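Peer 1: coords please:
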Amino acid sequence: MNSIEWIRSRCITTAAISCILAVSALVGGAAAEEGEVNLSFKPIEGKVLNYETKWTIETNFMGMDIVQNQNYKAIVQLSKVTEDGQFKMELQFPEVKSSMLIDDEMREWAPPIQLVGKNVFAYVTTEGEVEKVEPGGYIPGMKSPEDLTSIIEIWFIKLPDRVVKIGETWREDVNENDEGNEGQPGIEGYVDFTLVKIEKKQDIEVAVIETKAELKINQSTPQGMLDADAKGKSKYYIAIDGGYIVETKQTFEMKGKVIAEGTGDETDAAMTRTYETKLKK
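Peer 2: Sure, this is the predicted structure:
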């Protein structure tokens, strides 16, 4: 999920895990009838969404306790609808703050990709799936546009694009190959979504969606092969008219071992990630 990049074969201090579990559900369209809602992404032209987003990652690895904090101010709005019906969404980041504690000692830390003051474009389908991400200009730390995907996907997730009834559950399977070991499974599992109820939040009619995720992780890292199990849960308040996020809270836990290549030495690894985003009036 965007950080501690065991999950995407990068370093432990970035932000990649959220693209798997950041199930920031986007739903849109009016309710078909009482107790039902159409789960699809349909952003409103001219609607400017101002978010405050924060996440904390607590890691224990090789005897060190590491706590990372990051706070975003993010602006999300529709740029245009493409000829093939995708939504070109613009995301701006006027403020990004970060901090790190290692064994209770404050250390200087900045995320590898510097987004403050930058903008990013995401091409999103009516199912809420991010098809492509491109920078609006030069972004320090970015090696390719794909580096941005795991960050931007925090605000989007693929949905069934159909009418769903209150109490109904649907599943999104997760199956991603390990880039460091071609052909090998990297992350496998599922995320279950349940439409719990329809209510009002900040005077906005919202769909309340709860999720539960279970994943098996087997990925190469600079320290060795990560073999771990992960579980997550979250709750989303999603505007029915327009499909934008009003509020999100997530918790994700991972426990396992890192097995050193060659020696086979095993090191315990554990991580807890909490994430929250809120629409500001």
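Peer 1: residues in contact with residue 53?
Peer 2: For residue 53, the contact set (C-beta atoms under 8 Å, 6 or more residues apart in numbering) comprises 71-74, 154, 275-278. Yep, even glycine has a C-beta here, placed from its N, CA and C like the rest.
Peer 1: where does the stretch 51-200 of the chain dip in pLDDT?
Peer 2: Of all residues in the stretch 51-200 of the chain, those with pLDDT under 70 make up the ranges 178-185.
Peer 1: what's the burial count for the residue lying closest to residue 123 once chain neighbours are set aside?
Peer 2: Distance criterion C-beta to C-beta, 6 or more residues apart in numbering; nearest residue to residue 123, sequence neighbours excluded, is residue 132 at 4.4 Å. Applying other C-beta atoms under 10 Å, we find 13 residues neighbouring residue 132.
Peer 1: ok, residue 42 next?
Peer 2: Around residue 42 there are 17 other residues, counting by other C-beta under 10 Å.
Peer 1: ok so it is a strand residue?
Peer 2: No. Read with DSSP: H, G, I helix; E, B strand; the rest coil, residue 42 is coil and lies in no strand.
Peer 1: would you agree it is in contact with residue 239?
Peer 2: No. Applying C-beta atoms under 8 Å, one finds residue 42 not in contact with residue 239, separated by 10.4 Å.
Peer 1: follow-up on the earlier one: put together TSV for the contacts of residue 53, with neighbour count on each row.
Peer 2: Shown next, in TSV, are the contacts of residue 53 (neighbours: other C-beta atoms under 10 Å):
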residue	neighbour count
71	14
72	21
73	16
74	22
154	27
275	25
276	15
277	22
278	17
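Peer 1: just these now: which is nearest residue 223?
Peer 2: Set against residue 223, the nearest of these by C-beta to C-beta is residue 275 (24.3 Å).
Peer 1: give me the three-state assignment for that closest one.
Peer 2: Reduced to three states with three-state DSSP, the structure at residue 275 is strand.
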